[in-house]
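S.K.: Build me a model from this:
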Amino acid sequence: MQGTSVRSAALSVLPGSLWRAAFARPDGGGEPRGGVPYGPGDPDAPFPVDVLRALPPGFAARIVARPGERAGGVVWHAAPDGGGCFPDEDGWIYVSNCALPLLGGVTALRFAPDGTLRGGYRVLSGADRCGTGAETPWHTWISGERTPYGRVFECDPYGVRAPMPRLAMGLFAHAGVAGDPERGVVYLTEGEPDGCLYRFRPDDWGDLTTGVLEVLVGDPGEESVTWERVPIPALPDHVPLREQVKGVRRFAGGGDCHVSDGLVRFVTEGDGRVWAYDAVRERLTVLHETAGAPGGGADGAIILVAGDRAAPFLPVADGWTVTGPAMSPDGDRLYFSCRPSQNGGPAPAAVTVEVRGPFHDLVRD
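M.R.: Below you'll find the model as predicted:
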């Protein structure tokens, strides 16, 4: 999973895989009004070094963490993935998932108002391949394991409360997650070649402990779909969730997920499609057939979003993956991680970066 987004009222970010569909409607209207791409001037220059040297005027960047090195007193993890930002009195906190097998989890960095790193700490340890993540309106972090019987953990980014597994949200390969506060549901994609789309309806919005997990049902190729309850969402080594209900809609490897205006947009990594589920009409359509090459090849970008405007920011060279993009609460600092291609040869290490500048100006009318 290459990062997910929870929009704020002011400025937020999306992974590049959802760029064209950020505000597109199933009827073909509502394309985002965008600015020009910003970022590396030399497409052949190594990333992220070129980002640090060739930002737009008024922007500056720094590396805040490297795997295996201490950042704010904590050893930063390898394979950084989904990320989010939270207000913290006069500063803020950036959390990052770790997608390593068996050594996964979540690490947090705490920043002062001037951007000084105040400290670092773990908020989840001992999980497995934590890729997907999402902020909740009540300031917790949802972290999902991308394994066949993966769990969802609700974590405290402030490091006060222990992380809690939310088993009612299902045991499966969690690939994308996005909340819909208006309807009080959480949508989840499944990272399997024949995976499904799920929604979790908590008994009380603001408490993910209990609720009903449902799976999307409908005939292949048909727009009309419904939801059916998953009978046994949380029994390890039981029949996989996607096999418990007849007639489920299957997708070629679920990925990034985003919710706005009653539309759930999600990527299927196996075929490069962007889908839209209309929660009001209960209709499912394909927004784009070529969101990127199968496997997420178009994810090397970050999209700035404000109102009905969107602009691509920091497109990167092929082979690099951008993960965990998140904006600080005041919208003037962007955090993300850069992971090199795993092509079998020597590769530079992943890094976690902060970019500071007038982001609002890039999406302003």
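S.K.: Sketch out the low-pLDDT regions of this protein for me.
M.R.: Applying pLDDT under 70 to the chain picks out residues 1-10, 16, 19-25, 27-54, 290-300, 315-319, 341-348, 365.
S.K.: quick one: furthest residue from the center of it?
M.R.: residue 246 (29.1 Å; C-alpha atoms, centre = their mean).
S.K.: tell me the secondary structure for that one?
M.R.: coil (DSSP: H, G, I helix; E, B strand; the rest coil).
S.K.: can you pull the contacts of it?
M.R.: residue 217 (C-beta atoms under 8 Å, 6 or more residues apart in numbering). (C-beta placed from N, C-alpha, C; glycine too.)
S.K.: what do you get for residue 188?
M.R.: With the criterion set at C-beta under 8 Å, 6+ apart, residue 188 makes contact with 144, 152, 169-170, 174-177, 197-200, 257.
S.K.: secondary structure element for it?
M.R.: strand 185-190 (DSSP states H and E).
S.K.: Can you name the element that comes right after that strand?
M.R.: Heading C-terminal from strand 185-190, the first helix or strand you meet, by DSSP H and E, is strand 197-204.
S.K.: Give me the helices and strands touching that following strand, please.
M.R.: strand 185-190, strand 207-217 (3 or more C-beta pairs under 8 Å, 6 or more residues apart in numbering; DSSP states H and E).
S.K.: make it 10 Å
M.R.: On a contact count with 3 or more C-beta pairs under 10 Å, 6 or more residues apart in numbering; DSSP states H and E, strand 197-204 meets strand 174-180, strand 185-190, strand 207-217, strand 226-229, strand 254-260, strand 263-268, strand 273-278.
S.K.: Minimum distance to residue 356: which of those strands has it?
M.R.: Of all the helices and strands packed on strand 197-204, strand 254-260 sits nearest to residue 356, with 25.0 Å by C-beta to C-beta.
S.K.: Okay, now the sheet partners of the closest one, with direction.
M.R.: Strand 254-260 sits in its sheet next to strand 263-268 (antiparallel), going by DSSP bridges.
S.K.: for the strand it pairs with, which positions count as buried?
M.R.: 263-268 (16 or more other C-beta atoms under 10 Å).
S.K.: Now do that strand against strand 273-278: the angle between them, please.
M.R.: Orientation check (axes from the mean of the first three to the mean of the last three C-alpha atoms, to 10 degrees): strand 263-268 against strand 273-278 gives 160 degrees.
S.K.: CA atoms of strand 263-268 as PDB?
M.R.: In PDB, the C-alpha atoms belonging to strand 263-268 read as follows (Å, rounded to 0.1, in the frame of the first residue of the first chain):
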ATOM      1  CA  LEU A 263     -17.800   8.300  -3.300                       C
ATOM      2  CA  VAL A 264     -15.300   5.600  -2.300                       C
ATOM      3  CA  ARG A 265     -12.400   5.600  -4.800                       C
ATOM      4  CA  PHE A 266     -10.000   2.700  -4.700                       C
ATOM      5  CA  VAL A 267      -7.200   1.400  -6.800                       C
ATOM      6  CA  THR A 268      -6.700  -2.200  -8.000                       C
END
